[in-house]
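Student: predicted structure and sequence below. I'll ask about it afterward.
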Amino acid sequence: MSAYPRPGVDAPIPVKIVIAGGFGAGKTTFVGAASEIAALSTEAAMTDLSVGIDDLSAVRGKSTTTVALDFGRRTIDEGMVLYVFGTPGQDRFWFMWDDIARGAAGAIVLIDTRRIADGFAAIDFFEDRRVPFIVAINLFDDAPRHPLESVRDALSLGADVPLVACDARDGRSVVPVMVTLVEHALARSMAGA
Amino acid sequence: MNPLPDDPRLVPFYALTQGRTQPDGRELPWETMVVATSEGRSAQPKLHFEQRAIVDLCGRSVSVAEIAAHLGVPLGVAAVLVSDLHTAGYLAVHRPSVTDSGRPRREILERLLDGLKAQV
C-alpha cells in the first residue's frame, strides 16, 4: 500500500488519534507500530501553544522550551489518512495536551501494569475534556498479568470505558485497539455525547 | 538534524516567520493536508529555500506535521510558512473536518472504522 495518494488525486481527509499514558508506558512504540512510515519526530515550542500566564511561569526559560512529539501516518483508504500522535511523557508538558487532543477522534491511554497509577493523569484529562478514550494495557514481557477487571477497579474506570490489552510493539496487535477506540468514539457521537 | 527536546535553539526559526508563531489567517491544525498548486510549482524558482522545500514536499499531499518534521522546524513555524504560501496561492490546504463540538463528523468516524476493520 502506498503511503501517499498519487499526484493529481485530491488530498485525503486527515483524521487524528492520540496515544497517551505515563512515562515509559509504550507510547512511542505504539505510534511506531501503528504507522506505515517510520515514525516522525517534530517539536512544538511553548510559543506555538495557547498557554496562559500561569503555565508560562511554571516553565523555566519561557521562550526556549520545546517539546518533542512523535507521530505516525497510516493510510485508511484511498481518500483518508490517519495521524497517530503520542503525548510527551513528562508531566511538565501537560500544557500542550489540549493542542494535541484538539480535533482528535479519540485517545488511547496506555497502561503499564507495574505502574498503573501513572495512567490516572491521562484518564482524568480526557474525562475532563470529554475526549472519547479507551484504556489499553500494554503487555510488557516481565509485567504481572492481572485480570482486566482488576485493572479497571484499580483505575476506578467507569463501566462505559472500553478496556483492552495489547502488545504495543506488534502492528497486528495495535489495529484492534484502534478499532475499539473508533467504535467507542462513534457510539459516543451517536449518543450525542 | 533534529534538536534534542531541550535544545534552546529557537530564535533562528522564527526569523523565517518574521517572529510570527501563529498563521495570520485561520489556524492550521497539525494534521491539515497540504498539496502544491500548479501556480506553486511554477513559482518554485523564485521562492526562498524553505518555501521551495515545502512546495517540493507537497508534490504529494502531506500534513503540516510532516512538513515540520522533514524541515526540522517547530510545528508553529511550519504552520506560518504553509499559511503564507497558501495565501499566495501556491499551496492548497485541506483542514480536518470537525463538528461544533470539535470532534470528527460521524461519517468520518464511520469511514475510519470501516478502513481500520479492513486492516485487522
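Tutor: Everything's here; your move.
Student: now the strands: where do they sit in chain B?
Tutor: In chain order, chain B shows strands spanning B:33-36, B:62-63, B:91-94, with DSSP state E as the criterion.
Student: could you export those strands as a markdown table, including distance to chain A, mean neighbour count and mean pLDDT?
Tutor: All C-beta spots, glycine's among them, are computed from the backbone N, C-alpha and C. Below are those laid out as a markdown table (distance: least, C-beta to the nearest C-beta, whole Å; neighbours: other C-beta atoms under 10 Å in any protein chain shown; pLDDT from 0 to 100):
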| stretch | distance to chain A | mean neighbour count | mean pLDDT |
| --- | --- | --- | --- |
| strand B:33-36 | 4 | 24 | 96 |
| strand B:62-63 | 6 | 26 | 96 |
| strand B:91-94 | 4 | 20 | 94 |
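Student: pipe those strands into a markdown table and attach distance to A:Ser156 per row.
Tutor: A markdown table is the format used below for these (distance: least, C-beta to C-beta, whole Å):
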| stretch | distance to A:Ser156 |
| --- | --- |
| strand B:33-36 | 39 |
| strand B:62-63 | 36 |
| strand B:91-94 | 40 |
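Student: and the pLDDT at residue 27?
Tutor: Since you didn't name a chain, this refers to chain A. The per-residue pLDDT reported for A:Lys27 equals 95.
Student: oops, wrong one, chain B.
Tutor: According to the model's per-residue confidence, B:Glu27 sits at a pLDDT of 84.
Student: next: A:Asp141.
Tutor: Among the per-residue scores, A:Asp141 holds a pLDDT of 86.
Student: and the one 10 residues further on, by the same measure?
Tutor: What the model reports as pLDDT for A:Val151 is 93.
Student: cool, the one 10 residues further on as well?
Tutor: Looking at A:Val161, its pLDDT is 97.
Student: could you do A:Met1 as well?
Tutor: With respect to pLDDT, A:Met1 has a value of 39.
Student: that older thread, quick one, which of the strands of chain B gets closest to A:Lys16.
Tutor: The stretch from those with the least distance to A:Lys16 (C-beta to C-beta) is strand B:62-63; that distance is 9.2 Å.
Student: tell me the contacts of A:Val131?
Tutor: Each residue near A:Val131 by C-beta atoms under 8 Å, 6 or more residues apart in numbering or on different chains is listed here: A:Val18, A:Ala101, A:Ala104, A:Gly106, A:Ala107, A:Phe125.
Student: likewise for B:Ala118?
Tutor: By C-beta under 8 Å, 6+ apart, the residues touching B:Ala118 are A:Asp77.
Student: quick one: is the top helix by length along chain A near chain B?
Tutor: Using DSSP state H to assign secondary structure, the helix with the most residues in chain A is helix A:171-190. Yes - with C-beta under 8 Å from any C-beta of the partner chain as the criterion, chain B is reached by helix A:171-190 at A:Val175, A:Pro176, A:Met178, A:Val179, A:Val182, A:Glu183, A:Ala185, A:Leu186, A:Ser189, A:Met190.
Student: A:Asp167 is in contact with A:Leu139, correct?
Tutor: Yes - with contact defined as C-beta atoms under 8 Å, A:Leu139 reaches A:Asp167; the gap is 5.3 Å.
Student: tell me which element A:Val81 falls in.
Tutor: Assignment of secondary structure by DSSP states H and E places A:Val81 within strand A:80-86.
Student: so which other helices or strands are in contact with that strand?
Tutor: Helices and strands touching strand A:80-86, by 3 or more C-beta pairs under 8 Å, 6 or more residues apart in numbering or on different chains; DSSP states H and E, are strand A:13-21, helix A:27-34, strand A:66-77, helix B:106-117.
Student: could you dump the ones you listed into JSON lines and include mean neighbour count?
Tutor: Rendered in JSON lines, the data for the helices and strands packed on strand A:80-86 read as follows (neighbours: other C-beta atoms under 10 Å in any protein chain shown):
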{"stretch": "strand A:13-21", "mean neighbour count": "27"}
{"stretch": "helix A:27-34", "mean neighbour count": "24"}
{"stretch": "strand A:66-77", "mean neighbour count": "22"}
{"stretch": "helix B:106-117", "mean neighbour count": "18"}
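Student: tell me the buried residues in the longest helix of chain A?
Tutor: A:173-186, A:188-189 (16 or more other C-beta atoms under 10 Å in any protein chain shown).
Student: stretch A:84-98 now?
Tutor: Of all the residues in stretch A:84-98, those buried under the rule 16+ other C-beta under 10 Å are A:Val84, A:Phe85, A:Gly86, A:Thr87, A:Pro88, A:Phe93, A:Phe95, A:Met96, A:Trp97.
Student: can you get me the start-to-end distance on that stretch?
Tutor: The separation between the terminal residues of stretch A:84-98, taken as C-alpha to C-alpha, to the nearest Å, is 15 Å.
Student: sec struct for A:Glu43, please.
Tutor: When classified by DSSP: H, G, I helix; E, B strand; the rest coil, A:Glu43 comes out as strand.
Student: that'll do, ta.
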